[in-house]
Structure formats: C-alpha cells, structure tokens
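Asks: With the input below, show me the fold.
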Amino acid sequence: MVARKKSRPRKESPPFNGRDLKVNGKGVPLRSQAEEALQCYFETLNGHKPAHLYDLVMREVEEPCSRS
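Replies: Residues are numbered from 1 along each chain as shown. Presented below is the predicted three-dimensional model:
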C-alpha cells in the first residue's frame, strides 16, 4: 500500500478581467486606453457617423497582437 501525500486545497486565482493590465508599472487598463483613443477618433469626425467602426478597431488591435 502506497501512502498518499496530503495536498492542500488550491487557492484559485480570480479570473482575468482585462482591468489588471499594467503599462510601465502603472495600472492603466487597456479598456481605458481604448476608450480614450475612440473618444479622440470621434472628436475628429466632427459629428459625422463613423463607417465600419468594428473593422477599424479590429485592424488596429490585431496587428500589434500578432507582432507580440
């Protein structure tokens, strides 16, 4: 008979929520950066409706992700 090793219950880490990102050691959520960038983009439109916004955002986000 082989003795079983007692195991401590695992402490589960909270699920990643996307708000825990840090940039240069500072807590700057990616969501906040995206919101700021979009706000600047909308301001440059001077009230015009954005065209193909989803496609624009995906192109801008996918390229840096594929490089890292």
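Asks: Do a quick rundown of the helices in the protein.
Replies: 30-44, 53-67 (DSSP state H).
Asks: Counting by contacts, list what the first one packs against.
Replies: Looking back up the chat, that one is helix 30-44. Contacting helix 30-44 under the criterion 3 or more C-beta pairs under 8 Å, 6 or more residues apart in numbering; DSSP states H and E is no other helix or strand. Where C-beta positions appear, they are placed from N, C-alpha and C, glycine not excepted.
Asks: mean confidence for that helix?
Replies: Mean pLDDT, helix 30-44: 90.
Asks: average model confidence for stretch 54-64?
Replies: 91.
Asks: contacting residues around it?
Replies: Applying C-beta atoms under 8 Å, 6 or more residues apart in numbering, the contact partners of stretch 54-64 are 34, 38, 50.
Asks: how about a cut-off of 10 Å?
Replies: Residues from elsewhere that reach stretch 54-64 (C-beta atoms under 10 Å, 6 or more residues apart in numbering): 30, 34, 37-38, 41, 50, 52.
Asks: got TSV for the helices of the chain, with mean neighbour count too?
Replies: Formatted as TSV, the helices of the chain follow (neighbours: other C-beta atoms under 10 Å):
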stretch	mean neighbour count
helix 30-44	11
helix 53-67	10
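Asks: tally of neighbours for P29?
Replies: Neighbours of P29 under the rule other C-beta atoms under 10 Å: 15.
Asks: Can you check the pLDDT for G47?
Replies: Looking at G47, the pLDDT reads 89.
Asks: And for it, the neighbour number?
Replies: 6.
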